[in-house]
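Trainee: fold the following for me, if possible:
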Amino acid sequence: MGAKLGGGGGGRFDLGQNSDINVTPFVDVMLVLLIIFMVAIPAATVSIKLDLPPAIPPPPGTKVKEPILINVQQGGGVFIGETKTSLDTLPADLSRKLSADDPTLPPTQQRVYIRADKQVRYGDFMSVMNTLQGNGFYLVALINEEI
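Mentor: Numbering: from 1, shown residues only. Purely as a prediction, here's the structure:
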């Protein structure tokens, strides 16, 4: 950051070479960038307001209805609860099971849960999803279990 004022050969006005790094501009630029980021980060944080209903537990003594589970196993095995089915008969079997479980709602208006083994191929899982959606079952929930 300084100049060399004397020493070494050369003429009277020869100052030589200064090989020291001048870090002042670098520090200035870094401080300006730090301030810019400190001002910009809180503005970039977006919060989404959600109006969630309060959680109300069921009254004591009431029996909670068990959900209808579709289990997809490795190798293409598809089960509705404990009953084995196939992709061809899945919509009819599911409609029959949902109608027996809750006759007040149409089967396509009831929620269905899907659970798959860890080793199930993605294509097998998606063929079950496509079969359900192709037959009007759009209320599908996925179950994830902790390992």
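Trainee: which parts of this protein are strands?
Mentor: 69-72, 78-80, 83-85, 112-116, 140-142 (DSSP state E).
Trainee: of the ones you listed, which approaches R96 most closely?
Mentor: strand 78-80 (9.1 Å; CB to CB). Just so you know, the C-beta spots here come from the backbone N, C-alpha and C atoms, and that holds for glycine as well.
Trainee: I'd like to know which elements the closest one is packed against.
Mentor: With contacts defined as 3 or more CB pairs under 8 Å, 6 or more residues apart in numbering; DSSP states H and E, the packing partners of strand 78-80 are strand 69-72, strand 83-85, helix 90-101.
Trainee: that one: partners in the sheet, and parallel or antiparallel?
Mentor: Sheet pairing for strand 78-80, assigned by DSSP bridges, gives strand 69-72 (antiparallel), strand 83-85 (antiparallel).
Trainee: what about the longest one, average pLDDT?
Mentor: Read that as strand 69-72. In this model, strand 69-72 has a mean pLDDT of 91.
Trainee: can you give me the buried ones in that strand?
Mentor: I70, N71, V72 (16 or more other CB atoms under 10 Å).
Trainee: remind me which residues of this structure are low pLDDT?
Mentor: The model of the chain has pLDDT under 70 over residues 1-16, 43-46, 146-147.
Trainee: ok, residues contacting stretch 49-66?
Mentor: Around stretch 49-66, the neighbours that count as contacts under CB atoms under 8 Å, 6 or more residues apart in numbering are D101, D102.
Trainee: give me the buried positions along stretch 56-70.
Mentor: I68, I70.
Trainee: render the CA-only coordinates of that stretch in CSV, please.
Mentor: Written as CSV, here are the backbone C-alpha positions of stretch 56-70 (Å, rounded to 0.1, in the frame of the first residue of the first chain):
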residue,chain,number,x,y,z
ILE,A,56,-60.5,-31.1,17.8
PRO,A,57,-60.0,-34.6,19.2
PRO,A,58,-63.0,-37.0,18.9
PRO,A,59,-65.1,-37.4,22.0
PRO,A,60,-64.0,-40.1,24.4
GLY,A,61,-65.4,-43.5,23.6
THR,A,62,-66.0,-43.0,19.8
LYS,A,63,-64.5,-45.5,17.5
VAL,A,64,-62.3,-44.0,14.8
LYS,A,65,-63.0,-45.4,11.3
GLU,A,66,-60.0,-47.2,9.9
PRO,A,67,-58.9,-45.9,6.5
ILE,A,68,-59.0,-48.0,3.3
LEU,A,69,-55.4,-48.9,2.4
ILE,A,70,-54.0,-50.0,-0.9
